[in-house]
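**Student:** coordinates for the following, if possible.
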Amino acid sequence: MTTAVQEPSRTARISIDRRWNTPIGVAIALVVAYLLLVIAAGPQAQDQFINALTIGGVYALIALGYTMVYGIIELINFSHGEIFMVGSFVCWWLLTTLGFSGAITDPLVLIPVLVLTFVVSMAVMGVVGVVIERLAYRPLRNAPRLAPLITAIGVSFILQNLVFVGISNSIVTIPQIIPNPELHIGPINIRLINLFVIVLAVSLMFALQMFISRTKLGRAMRSTAIDREAAQIMGVNVNSTIALTFFIGSALAGAAGVVQGLYFGVTVFNIGFQNGLKAFTAAVLGGIGNITGAAIGGFVIGFIEVLASAFGYGRWSEAAVFATLVLVLVFRPTGILGQQLADRA
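**Tutor:** Numbers count the residues shown, from 1 in each chain. Alright, predicted model coming up:
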């Protein structure tokens, strides 16, 4: 059995960097971030740390869709941010249709409503992602790279304008149904909504890792990312696998849209551009095509934004994010974790 050198044109991967499956590296990064926040914010460091984790979790969920799509068909899906935006509007529509306007104090009502909101939003956005792939991207799969890239930008504008014209051209208020008492867990004081967002984001990332690494469909996704033609010869339905990738990535963006609505309480038709751009930056920062890298990149951007605000440079937070990206790409072009290349037998 021999190992062939990977061609430069086939470097994209849906991969999990196994060196980071242990929490050691992540724990070190979190400790460093917390110490920086202590220096910048003093007694408020704990609150800033929790806010950074919460915001980073939203970016990470969106970034996973970017990195999955690029990993399997090498397409930068610029419409992904708008899928996140539409997901927040699905959350708003569902909660207002059910008649909720404020916090639900009864857990027996709150839990089913939350489950229903996430299931509906994720399912709807997953289907939207599959439809976009089937109608806009699949016919251009073998076209020059510029064609699907321009198409992705066009789909982004279509989704944005559909919401602008059909729903609202201004800020929409989403019912914040989760009560927000302060919880005391040992020395940690954390709001319930922050704890919910962090636990949900980490749980979805872990579930995605397990799906890709342990299931037959996950192996089909990884094999398609490595070599589409070889995977097809071995019996993998490439079209179905790519559609599944779009469904999962779009569903995660839909979940991020729900989190956006429940945490911030508002959404607007153009929110997808800004958050989508930051999430794409997170995917590149962590290593495009690397699932773990995308998640870590999202949290890194969350901490950079909070650190900039803590040091009194909130207006420069976005500049700090992209300056960090430039530095990483200059000194490590493949991102923090890099693109994991698989050997061919």
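
**Student:** find the nearest non-adjacent residue to the residue sitting nearest the centre point of the chain, please.
**Tutor:** By C-alpha atoms, centre = their mean, the chain has its centre lying nearest to I62, at 1.9 Å. The shortest distance from I62 to any non-neighbouring residue, by C-beta to C-beta, 6 or more residues apart in numbering, is to A279 (3.5 Å). Backbone N, C-alpha and C define where each C-beta goes, glycine included.

**Student:** please save the CA atoms from the host helix or strand of M210 in PDB.
**Tutor:** Element membership for M210 (DSSP states H and E) is helix 192-214. Extracted in PDB, the C-alpha atoms of helix 192-214 (Å, rounded to 0.1, in the frame of the first residue of the first chain):
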ATOM      1  CA  LEU A 192     -29.900  31.500  32.300                       C
ATOM      2  CA  ILE A 193     -30.000  32.700  28.600                       C
ATOM      3  CA  ASN A 194     -26.200  32.800  28.400                       C
ATOM      4  CA  LEU A 195     -26.000  29.300  29.900                       C
ATOM      5  CA  PHE A 196     -28.600  28.000  27.400                       C
ATOM      6  CA  VAL A 197     -26.900  29.500  24.400                       C
ATOM      7  CA  ILE A 198     -23.400  28.200  25.400                       C
ATOM      8  CA  VAL A 199     -24.600  24.700  26.200                       C
ATOM      9  CA  LEU A 200     -26.700  24.500  23.100                       C
ATOM     10  CA  ALA A 201     -23.900  25.700  20.800                       C
ATOM     11  CA  VAL A 202     -21.400  23.300  22.300                       C
ATOM     12  CA  SER A 203     -23.900  20.400  22.200                       C
ATOM     13  CA  LEU A 204     -24.700  20.900  18.500                       C
ATOM     14  CA  MET A 205     -21.000  21.100  17.600                       C
ATOM     15  CA  PHE A 206     -20.300  17.900  19.500                       C
ATOM     16  CA  ALA A 207     -23.300  16.200  17.800                       C
ATOM     17  CA  LEU A 208     -22.000  17.300  14.400                       C
ATOM     18  CA  GLN A 209     -18.500  15.900  15.200                       C
ATOM     19  CA  MET A 210     -19.900  12.600  16.200                       C
ATOM     20  CA  PHE A 211     -22.200  12.400  13.200                       C
ATOM     21  CA  ILE A 212     -19.300  13.100  10.700                       C
ATOM     22  CA  SER A 213     -16.800  10.800  12.500                       C
ATOM     23  CA  ARG A 214     -19.000   7.900  13.600                       C
END
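
**Student:** average pLDDT for it?
**Tutor:** In this model, helix 192-214 has an average pLDDT of 89.

**Student:** next secondary structure element downstream of that helix?
**Tutor:** Next helix or strand after helix 192-214 toward the C-terminus (DSSP H and E): helix 216-226.

**Student:** could you point out the helix or strand that follows that following helix?
**Tutor:** helix 228-233.

**Student:** helix or strand next in line after that following helix, which one?
**Tutor:** Once the chain leaves helix 228-233, the next helix or strand it forms, by DSSP H and E, is helix 238-264.

**Student:** which elements pack onto that following helix?
**Tutor:** On a contact count with 3 or more C-beta pairs under 8 Å, 6 or more residues apart in numbering; DSSP states H and E, helix 238-264 meets helix 45-73, helix 80-97, helix 107-132, helix 192-214, helix 216-226, helix 228-233, strand 266-267.

**Student:** dump stretch 67-87 to CSV, keeping only the CA atoms.
**Tutor:** Once non-C-alpha atoms are left out, stretch 67-87 reads as follows in CSV (Å, rounded to 0.1, in the frame of the first residue of the first chain):
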residue,chain,number,x,y,z
THR,A,67,-16.7,25.1,6.3
MET,A,68,-18.8,22.1,5.5
VAL,A,69,-19.9,23.4,2.1
TYR,A,70,-16.4,24.5,1.2
GLY,A,71,-15.0,21.2,2.4
ILE,A,72,-17.2,19.1,0.2
ILE,A,73,-17.5,21.1,-3.1
GLU,A,74,-15.0,24.0,-2.6
LEU,A,75,-17.7,26.6,-2.8
ILE,A,76,-17.8,29.8,-0.7
ASN,A,77,-21.6,29.9,0.0
PHE,A,78,-22.1,33.6,0.5
SER,A,79,-25.9,33.0,0.9
HIS,A,80,-25.3,31.2,4.1
GLY,A,81,-25.4,34.4,6.2
GLU,A,82,-28.9,35.1,4.7
ILE,A,83,-30.0,31.6,5.7
PHE,A,84,-29.1,32.5,9.3
MET,A,85,-31.1,35.7,8.9
VAL,A,86,-34.2,33.9,7.5
GLY,A,87,-33.9,31.4,10.4
